[in-house]
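J.: dropping a prediction and its sequence here:
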There are 2 protein chains.
Amino acid sequence: MKYTVITGASSGIGYETALAFASRGKNVIVVARREAQLNELKKEIHSLNAELDVVIKPADLSKNEEVHVLYESLKEYDIETWINNAGFGNASPVVEQEVQKTEKMLRVNIEALTTLSTLYAHDYSSKEGTQLINVSSDLGYRIVPNAVTYAATKFYVSAFTEGLAQELQDEGAPMKVKILAPSMTETEFVQNARDIDHFSYRDNVQQFHTAKEMAQFMLELYDREKILGKVNSESYEFELMDPVFQYPSKRSAD
Amino acid sequence: MKYTVITGASSGIGYETALAFASRGKNVIVVARREAQLNELKKEIHSLNAELDVVIKPADLSKNEEVHVLYESLKEYDIETWINNAGFGNASPVVEQEVQKTEKMLRVNIEALTTLSTLYAHDYSSKEGTQLINVSSDLGYRIVPNAVTYAATKFYVSAFTEGLAQELQDEGAPMKVKILAPSMTETEFVQNARDIDHFSYRDNVQQFHTAKEMAQFMLELYDREKILGKVNSESYEFELMDPVFQYPSKRSAD
């Protein structure tokens, strides 16, 4: 029996992605801090398809030990797809940032993603049909004021994942590695980034996608060959494309 | 009395940068794990100029607590310039990387640099004459195989520092923030990245700079207005330039 792992599955893009993969008949392993929301998700999946296995793994990915305990606990499963979606923002100028929140963001957005990507690629890269999808952001390709540190974490995710995708491709490894780069999406993102209780996207943001729309783009990225699936921050079109950052092509390097 | 802080000062670019700033008559605070090398550096600086104050701060920047203890211990000094130079590489394909070494690299190259940059900018950004210089790499602007994770850490450093530099500039803050992006430099870098005891740049690398040359480029960057000082990886010329990554210009955003 095969599984799709989704981190940050308690809400937003992660929650909807779990539903979307379940709607394809995939068993899922869902990871987040908030167990109650994961139980809700499990109920919702089982109301659609009672046959599916939904494994709940509560974990705080800002804690390095929990990241390793999580991965160890998944050794017994056959993991077809791994989606590193967990992440959050920090909406303020760098000089006003609370360092503890920034460090936590680095641990989740960068360190947990790197550790889980590396371990998963190590164990599964030679297995046919496997995929690793890391969620970056359109801010993984351009910087904006008041989100500099967040954007930098996503530049890391984009560069790391583009590099890994091409490294494996050049080695002829069967695992596909891809990047989803959303722009504004209606989730808990803004309220967490700004430390506020509620935020209305409809009232405050000109253009955005719903988390359900992003989950459909995730499936489109999953189905296609392109490495990068990116929301165009002007048109809000979803575009499948080749990696953006410079990387030596195998042919020219040989 | 004013000071220049240099992390990773026990060898390579950091060691030579400390000497270069001392040759300009600057008092220095030198940070690294290896206290013996910092004592050597102090001796060498005092043989040039016995008047200078050289403060030795042994610290392992892969440990978050030590990063905070270091910063706290420097509260008593007036810090004119802060240079985050500490960092190391990891030379292997992602799938073969030892996760513990990778995590340590993330803590030094990204987390310590971010924490120290944020705290220093918080305390000093409104002070005339201050500078923060972060050492990235030409791999902070292009990815290469067998150095994907290292390159991604340097994309982070480039994006974070370019963003911070422009955020402060737009606010009219007096602090200057800059990026030094070396290419191959004759230091302990390759032996640490490959976990080998010795590496001869002269025998194995077509083009490289010495650490002394890079320290001179550091001074050139320090003296000039441009945000980015980058070694061109083809010509090995040192080029002073504007930031590379997209950032909204203040005029167009207003």
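T.: Sure thing, it's come through.
J.: in chain A, where is pLDDT below threshold?
T.: Residues of chain A meeting the criterion pLDDT under 70: A:251-254.
J.: which residues in it form helices?
T.: A:12-23, A:35-48, A:64-73, A:99-105, A:113-124, A:148-171, A:189-194, A:201-204, A:211-223, A:250-253 (DSSP state H).
J.: which one of these lies nearest to B:Phe245?
T.: Minimum separation from B:Phe245 across the helices of chain A (Cβ to Cβ) falls at helix A:148-171, 7.4 Å. For the C-beta atoms, the positions are set from N, CA and C on the backbone; glycine is no exception.
J.: now do the closest one against helix A:113-124, angle only.
T.: Inter-element angle recorded for helix A:148-171 and helix A:113-124: 20 degrees (by axes from the mean of the first three to the mean of the last three Cα atoms, to 10 degrees).
J.: residue nearest the centroid of chain A?
T.: A:Asn85 (2.3 Å; Cα atoms, centre = their mean).
J.: any idea how far that residue lies from chain B?
T.: Remark: distance between A:Asn85 and chain B (Cβ to the nearest Cβ, to the nearest Å) = 18 Å.
J.: close enough to count as contact, that residue and A:Thr4?
T.: No: using Cβ atoms under 8 Å as the test, A:Asn85 is too far from A:Thr4 to be in contact (11.3 Å).
J.: make TSV from the helices of chain A and add distance to B:Gln97 and mean neighbour count to it.
T.: Output for the helices of chain A, formatted as TSV (distance: least, Cβ to Cβ, whole Å; neighbours: other Cβ atoms under 10 Å in any protein chain shown):
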stretch	distance to B:Gln97	mean neighbour count
helix A:12-23	26	24
helix A:35-48	30	15
helix A:64-73	15	16
helix A:99-105	22	18
helix A:113-124	6	22
helix A:148-171	10	26
helix A:189-194	30	18
helix A:201-204	39	10
helix A:211-223	25	19
helix A:250-253	20	9
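J.: chain B: which of these is closest?
T.: Closest approach to chain B among those (Cβ to the nearest Cβ): helix A:148-171, 3.2 Å.
J.: do any residues in the closest one lie close to chain B?
T.: Yes: applying Cβ under 8 Å from any Cβ of the partner chain, one finds helix A:148-171 touching chain B at A:148-149, A:151-153, A:155-160, A:162-164, A:166-168, A:170-171.
J.: pull the CA atoms of that helix into PDB?
T.: The C-alpha coordinates for helix A:148-171 follow below in PDB (Å, rounded to 0.1, in the frame of the first residue of the first chain):
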ATOM      1  CA  VAL A 148      12.600  39.900   3.300                       C
ATOM      2  CA  THR A 149      13.400  37.100   5.600                       C
ATOM      3  CA  TYR A 150      10.400  35.000   4.500                       C
ATOM      4  CA  ALA A 151      11.400  35.600   0.800                       C
ATOM      5  CA  ALA A 152      14.900  34.600   1.600                       C
ATOM      6  CA  THR A 153      13.700  31.300   3.100                       C
ATOM      7  CA  LYS A 154      11.800  30.700  -0.100                       C
ATOM      8  CA  PHE A 155      14.800  31.600  -2.300                       C
ATOM      9  CA  TYR A 156      16.500  28.800  -0.300                       C
ATOM     10  CA  VAL A 157      13.600  26.400  -1.000                       C
ATOM     11  CA  SER A 158      13.600  27.300  -4.800                       C
ATOM     12  CA  ALA A 159      17.300  27.000  -5.200                       C
ATOM     13  CA  PHE A 160      17.600  23.800  -3.100                       C
ATOM     14  CA  THR A 161      14.700  22.100  -4.900                       C
ATOM     15  CA  GLU A 162      15.600  23.200  -8.400                       C
ATOM     16  CA  GLY A 163      19.200  22.000  -7.800                       C
ATOM     17  CA  LEU A 164      18.000  18.600  -6.300                       C
ATOM     18  CA  ALA A 165      15.600  18.100  -9.200                       C
ATOM     19  CA  GLN A 166      18.300  18.600 -11.800                       C
ATOM     20  CA  GLU A 167      21.000  16.700  -9.900                       C
ATOM     21  CA  LEU A 168      18.600  13.600  -9.800                       C
ATOM     22  CA  GLN A 169      17.600  14.100 -13.500                       C
ATOM     23  CA  ASP A 170      21.300  14.200 -14.500                       C
ATOM     24  CA  GLU A 171      22.000  11.000 -12.600                       C
END
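J.: that helix - contacts with which helices or strands?
T.: Packing partners of helix A:148-171 (3 or more Cβ pairs under 8 Å, 6 or more residues apart in numbering or on different chains; DSSP states H and E): helix A:99-105, helix A:113-124, strand A:131-135, strand A:176-181, helix B:113-124, helix B:148-171.
J.: how about those in a markdown table, adding distance to B:Lys101?
T.: Output for those, formatted as a markdown table (distance: least, Cβ to Cβ, whole Å):
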| stretch | distance to B:Lys101 |
| --- | --- |
| helix A:99-105 | 20 |
| helix A:113-124 | 11 |
| strand A:131-135 | 20 |
| strand A:176-181 | 21 |
| helix B:113-124 | 18 |
| helix B:148-171 | 10 |
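J.: looking at those, spot the one closest to B:Glu98.
T.: helix A:113-124 (9.1 Å).
J.: give me the helices and strands touching the closest one, please.
T.: Under the contact definition 3+ Cβ pairs under 8 Å, 6+ apart, helix A:113-124 sits against helix A:64-73, strand A:78-84, strand A:131-135, helix A:148-171, helix B:99-105, helix B:148-171.
J.: which one of the ones you listed lies closest to B:Gly25?
T.: That would be helix B:148-171 among the helices and strands packed on helix A:113-124, by Cβ to Cβ, at 26.0 Å.
J.: for the closest one, the distance to its chain's centre please.
T.: On the basis of Cα atoms, centre = their mean, to the nearest Å, helix B:148-171 sits 12 Å off its chain's mean C-alpha point.
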